[in-house]
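Chemist: sequence and computational prediction follow.
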Amino acid sequence: MSNKNKAAIPEAKNALNRFKMEAANEVGVDLKEGYNGHLTAKEAGAIGGQMVKKMIQECEKNMK
């Protein structure tokens with residue numbers, strides 16, 4: 001069984017964590033280092049959605 005939270009490139013883990021914290025801040029979610037069991041599904045989804053949105057924007061920018 002694979003670990004869904006495992007980075008494809010382990011060296012990128014710190015950058016991904018910073019990216020996640022930045023996305024959480026942008027959507028107004030109080031994300032802490034470590035376990036965040038207090039988050040609602042809506043809050044967690046907002047963070048993930050913001051991350052995807054920013055990744056798509058970056059890819060579109062690089063296509064031009």
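Modeler: Here it is on my side, so go on.
Chemist: in what helix or strand does Ile56 lie?
Modeler: Ile56 belongs to helix 41-63 when elements are defined using DSSP states H and E.
Chemist: try Val29
Modeler: Residue-wise, Val29 maps onto no helix or strand under DSSP H and E.
Chemist: does Glu26 count as helix, strand or coil?
Modeler: Following DSSP: H, G, I helix; E, B strand; the rest coil, Glu26 is assigned to helix.
Chemist: equivalent analysis for Gly37, please.
Modeler: Classification of Gly37 by three-state DSSP places it in coil.
Chemist: residues contacting it?
Modeler: Contacts of Gly37 were listed using C-beta atoms under 8 Å, 6 or more residues apart in numbering, and none were found. To be clear about C-beta, it is placed using only N, CA and C from the backbone, and glycine gets the same treatment.
Chemist: residue nearest the centroid of the chain?
Modeler: Most central in the chain under C-alpha atoms, centre = their mean is Lys20, positioned 3.4 Å from the mean C-alpha point.
Chemist: wait, that residue sits on Met51?
Modeler: Yes - between Lys20 and Met51 there is a contact under C-beta atoms under 8 Å: 6.5 Å.
Chemist: how far away is Gln50 from Glu33?
Modeler: Using C-beta to C-beta, to the nearest Å, one gets 18 Å for the distance from Gln50 to Glu33.
Chemist: hang on, the earlier thing: same question for the helix holding Ile56, mean pLDDT?
Modeler: The pLDDT scores in helix 41-63 average 96.
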